[in-house]
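Chemist: Based on what follows, work out the 3D shape:
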Amino acid sequence: MAYLALVGVVVGVNLLPAFGPPTWSILVYARLRWHLEPVALVVLGAAAATTGRLVLGVVTRHLRGRFAPRYRENLAALQARLTRRRSGFAAFVTLFVISPLPSAQLFSAAGLLELRLGPLCLAFFAGRLVTYTLYVTTAVVVETQLTSVLANVWGEPWWIALQLVLLVGLALLPTVRWDRVGRARDSKSPR
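Modeler: Presented below is the predicted three-dimensional model:
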């Protein structure tokens with residue numbers, strides 16, 4: 001029953017576009033509080049987080065149609081830039097694996113850009129398996145010392161500021177004329 005409740009909480013938190021607690025902290029809390037099996041905790045946590053982020057990306061994708069035509073054009077230009085070369089999309093996928101940034105805004109941006117969410121979810125899942133394993137293993141080793149760290153993470157001003165900056169960036173994403181960004185640089189580079 002504890003595992004089912006944990007999955008529900010993790011999916012729910014990962015549906016939030018901002019200000020949700022980091023999933024690793026929920027998993028560590030569950031490990032410390034309920035002494036859940038670490039391997040199951042990591043696998044279920046990564047799967048639940050990926051499911052929540054996938055749904056967030058799909059929901060955000062449907063919001064794109066509500067934007068003004070000029071904003072949709074700007075997003076289409078950025079989408080074309082990212083998907084024109086495999087290296088652009090590969091870099092975006094890599095960002096999902098190793099990024100220290102909160103993933104809610106990354107999945108929201110991917111949804112707005114109508115990028116293929118499957119490869120992003122696989123990258124996210126793989127990256128989360130590694131990071132959640134590190135956090136849960138650390139929790140097992142230093143069980144008593146982490147409780148004070150977890151109590152302080154969610155209300156830190158830097159965490160709130162980072163969430164706000166990323167939300168502003170996400171809000172500005174459709175306003176940039178992506179068809180013009182880099183055009184001057186591209187025209188100056190030798191062919």
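Chemist: hang on, isn't Leu117 packed against Leu56?
Modeler: No: with contact defined as Cβ atoms under 8 Å, Leu117 does not count as touching Leu56 (9.8 Å). C-betas here are computed from N, CA, C, even on glycine.
Chemist: Just the element for Val181, please.
Modeler: Using DSSP states H and E, Val181 maps to neither a helix nor a strand.
Chemist: For it, report the pLDDT, please.
Modeler: The model reports Val181 with a pLDDT of 79.
Chemist: burial measure for it, as a count.
Modeler: Neighbours of Val181 under the rule other Cβ atoms under 10 Å: 14.
Chemist: quick one: average confidence on the one helix or strand Gly57 maps to?
Modeler: Assessed by DSSP H and E, Gly57 sits inside helix 38-63. For helix 38-63, the mean per-residue pLDDT is 96.
Chemist: buried ones in it?
Modeler: Under the neighbour-count criterion of 16 or more other Cβ atoms under 10 Å, helix 38-63 has 38, 41-57, 60-61 buried.
Chemist: downstream neighbour of the helix or strand of the chain with the lowest mean pLDDT in the secondary structure list?
Modeler: Scoring the helices and strands of the chain by mean pLDDT, DSSP states H and E places helix 146-153 at the bottom, with a mean of 56. Downstream of helix 146-153, the next assigned helix or strand under DSSP H and E is helix 157-172.
Chemist: could I have that next one exported to PDB, CA atoms only?
Modeler: Provided in PDB are the C-alpha atoms of helix 157-172 (Å, rounded to 0.1, in the frame of the first residue of the first chain):
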ATOM      1  CA  PRO A 157      15.000  31.300  -1.500                       C
ATOM      2  CA  TRP A 158      17.400  30.200  -4.200                       C
ATOM      3  CA  TRP A 159      15.000  27.300  -5.100                       C
ATOM      4  CA  ILE A 160      12.000  29.600  -5.300                       C
ATOM      5  CA  ALA A 161      14.000  32.100  -7.300                       C
ATOM      6  CA  LEU A 162      15.200  29.400  -9.700                       C
ATOM      7  CA  GLN A 163      11.600  28.200 -10.200                       C
ATOM      8  CA  LEU A 164      10.400  31.800 -10.900                       C
ATOM      9  CA  VAL A 165      13.300  32.400 -13.400                       C
ATOM     10  CA  LEU A 166      12.500  29.200 -15.300                       C
ATOM     11  CA  LEU A 167       8.800  30.100 -15.400                       C
ATOM     12  CA  VAL A 168       9.500  33.500 -16.800                       C
ATOM     13  CA  GLY A 169      11.800  31.800 -19.400                       C
ATOM     14  CA  LEU A 170       9.100  29.400 -20.300                       C
ATOM     15  CA  ALA A 171       6.600  32.300 -20.600                       C
ATOM     16  CA  LEU A 172       9.000  34.200 -22.900                       C
END
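Chemist: Let me see the residues that make contact with stretch 119-132.
Modeler: Contact with stretch 119-132 is made by 23-24, 27, 41-43, 45-47, 49-50, 53-54, 57, 89, 92-94, 96-99, 103, 106-107, 110, as judged by Cβ atoms under 8 Å, 6 or more residues apart in numbering.
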